[in-house]
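Peer 1: let's see this in three dimensions:
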Amino acid sequence: MSLFAVASILIVISALFGYINVRFLKLPTTIGLMVITIVFTLLILVTSFFNSALLEYEILLISQIDFKSVLLDVMLSFLLFAGALHTNFQQLKVQRKPIFAFATFSTIISTFLVGVFSFYALKFMSFEVEFIYCLLFGALISPTDPIAVLGILKQVGAPKKLETKIVGESLFNDGIGVVIFLTIYQIAKGGKEITVGQVAEMFVVEVVGGIVLGLFLGWVTYRLLKTIDDYDTEVIITVATVMGGTVLAQYFHLSAPLAMVTAGLIVGHDTIRENSMSEVTEQYVDKFWELIDILLNTILFVLIGMELLVLTFSSKYIIAGLLCIPLLLFARYLALSLPIKLFAKKLEFVPNTNLIMTWGGLRGGISIALALSLTTEMNRDLFLVITYIIVVFSIIVQGLTVGKLIKWVTKQNRN
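Peer 2: A predicted model of the protein is given here:
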């Protein structure tokens, strides 16, 4: 099956499911698409008992797609640039210290806590899993997914200061999360011993290097946009920034996600917009990237739903996944507590910020992509099922109820 055929089928399915959601379910796009795709896949599994042709065709389609590469190497840069482009830079600047603490300190603490909790939980269920693999699981599941968070928070009416903290954390914690994951991954593979200096070097190269590249890309894009007034060309320049910047980041082994977030924040800055874009160009740039955001999100969550077919399910795996949900939420609550206490007096925090950020910290495709990179020796099948169950719960259950939680907390504080 050709690449064009695979892409065409995915877009047709995404358009159909998107129509069903808008026409009948009327759920937030990410949630509706995942629900419809999972139901569709389960129906195909049921019909396979009578005729397996459709199931075999869907498995063939999924086998043609390298989910990890498609998401991490291609889609993620576009999605993060689009998300950062429409993020309130001024609010992000005001909240930069707690956001930095959430994206670094809290991610590290959460990785360790999830690793400990899951190790003893799996041991209780008679799974013989080494502690280092549980830490690896903690690293891949701790970072919140900016794609899932951005898609849902837009529709729940969260207070702007709180929304900025959640979105800012999710945009920036990928860098530290990937560094932690890669470090533990190398240790788990039984390679050479990793020193503190090597970890620090990896952090500087990946994270700091990615941010510096993003600053450079944002500045170059700004200078180019400022010297012309042609909306067609200016939209193409922003696309070139994302695609060319991603290639550069991959070539120099820098964090492409952080580079795209930084570049998107600069290009989307109100002052830079006023100095470099006409009103017509600004409208075209915004509408173009909104469309890209919606299209790729639609395809991504259809793919997440279809990944159900590659999982090796067993009752024990499912129970382990369900057991890990409250453990992950508890670990996140604890990991957020100290930064919130440190900055609560200096900055105005919405009451019950920890509760809302814990429930609003959604997991998504990034966690699944990292889980897919595990080897068989690292208990890949077990952790992939656990990750998938957490992601589905996170997007559907937490995503549908976080708005109600925010409204309830707001109402309680008024009373």
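Peer 1: low-confidence ranges, the stretch 201-350 of the chain, go.
Peer 2: For the stretch 201-350 of the chain, no stretch has pLDDT under 70.
Peer 1: how about the strands in it?
Peer 2: For the stretch 201-350 of the chain, applying DSSP state E, counting those that start in this stretch gives no strands.
Peer 1: how about the secondary structure of T410?
Peer 2: helix (DSSP: H, G, I helix; E, B strand; the rest coil).
Peer 1: roughly how far apart are it and S170?
Peer 2: Plainly put, T410 is 22 Å away from S170 if you go by Cβ to Cβ, to the nearest Å. Any C-beta I mention is one placed from the backbone N, CA and C, and that applies to glycine too.
Peer 1: which of the two has more neighbours?
Peer 2: Taking other Cβ atoms under 10 Å, T410 and S170 do not tie; S170 has more neighbours (29 against 17).
Peer 1: quickly find the element holding that one.
Peer 2: Per DSSP states H and E: S170 is located in helix 160-188.
Peer 1: check the spacing between D174 and L85 real quick.
Peer 2: 17 Å.
Peer 1: and these two? which has more neighbours close in?
Peer 2: Neighbours of D174 and L85, each counted by other Cβ under 10 Å, are more numerous for D174; the result is 26 against 23.
Peer 1: excluding its backbone neighbours, what's nearest the more buried one?
Peer 2: Leaving aside its sequence neighbours, D174 sits nearest to P257 (Cβ to Cβ, 6 or more residues apart in numbering; 4.6 Å).
Peer 1: what about the helix holding S170, distance to the chain center?
Peer 2: 9 Å (Cα atoms, centre = their mean, to the nearest Å).
Peer 1: burial check on D66, number of neighbours?
Peer 2: Neighbourhood size, D66 [other Cβ under 10 Å]: 13.
Peer 1: buried sites along stretch 45-65?
Peer 2: Residues of stretch 45-65 classed as buried: L55, E58, I59, L61, I62, I65 (neighbour count, 16 or more other Cβ atoms under 10 Å).
Peer 1: the fourth one contacts S8, correct?
Peer 2: No. Contact between L61 and S8 fails when scored by Cβ atoms under 8 Å: they sit 11.0 Å apart.
Peer 1: alpha carbons only: can I get stretch 63-79 in PDB?
Peer 2: Provided in PDB are the C-alpha atoms of stretch 63-79 (Å, rounded to 0.1, in the frame of the first residue of the first chain):
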ATOM      1  CA  SER A  63       1.100  -2.100  10.000                       C
ATOM      2  CA  GLN A  64       2.000   0.400   7.300                       C
ATOM      3  CA  ILE A  65       2.200   3.300   9.800                       C
ATOM      4  CA  ASP A  66       5.100   3.800  12.200                       C
ATOM      5  CA  PHE A  67       3.200   5.600  14.900                       C
ATOM      6  CA  LYS A  68       6.300   6.600  16.900                       C
ATOM      7  CA  SER A  69       8.000   8.100  13.900                       C
ATOM      8  CA  VAL A  70       4.900   9.800  12.400                       C
ATOM      9  CA  LEU A  71       4.100  11.500  15.800                       C
ATOM     10  CA  LEU A  72       7.500  12.300  17.200                       C
ATOM     11  CA  ASP A  73       9.400  13.100  14.000                       C
ATOM     12  CA  VAL A  74       6.600  14.700  11.900                       C
ATOM     13  CA  MET A  75       3.300  15.700  13.500                       C
ATOM     14  CA  LEU A  76       4.500  16.900  16.900                       C
ATOM     15  CA  SER A  77       6.500  19.800  15.500                       C
ATOM     16  CA  PHE A  78       3.500  21.200  13.600                       C
ATOM     17  CA  LEU A  79       1.100  20.700  16.500                       C
END
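Peer 1: residues contacting that stretch, please?
Peer 2: 1, 6, 10, 146-147, 242-243, 245-246, 250, 256-257, 260, 292-293, 296-297, 299-300, 303, 307, 365-366, 368-370, 372-373 (Cβ atoms under 8 Å, 6 or more residues apart in numbering).
Peer 1: Produce a PyMOL select command limited to the buried residues of these.
Peer 2: Per 16+ other Cβ under 10 Å, the buried members of these correspond to this PyMOL selection:
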select buried, resi 10+146+147+242+245+246+256+257+260+292+293+296+297+299+300+303+307+365+366+368+369+370+372
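Peer 1: picking that back up, and the residue nearest to D174, what does it touch?
Peer 2: Counting by Cβ under 8 Å, 6+ apart, P257 has contacts L76, S77, L80, D174, G175, V178, G210.
Peer 1: lowest-confidence entry in the residues you listed?
Peer 2: Lowest pLDDT within the contacts of P257 is found at G175 (71).
Peer 1: doesn't G210 make contact with that residue?
Peer 2: Yes. Taking contacts as Cβ under 8 Å, G175 lies within contact range of G210: 6.3 Å.
Peer 1: so what sits against both of these two?
Peer 2: Shared contacts of G175 and G210, counting by Cβ under 8 Å, 6+ apart, come down to S255, P257, L258.
Peer 1: so what does the residue nearest the centre of the chain look like in phi/psi?
Peer 2: Nearest to the geometric centre of the chain sits D145, at 2.3 Å (Cα atoms, centre = their mean). Dihedral angles of D145 (phi, psi; degrees, to the nearest 10) stand at phi -90, psi 110.
Peer 1: please report how far the residue nearest to it when sequence neighbours are not counted lies from Y120.
Peer 2: Among residues not flanking D145 along the chain, G364 sits closest, at 3.2 Å (Cβ to Cβ, 6+ apart). Per Cβ to Cβ, G364 is found 26 Å from Y120.
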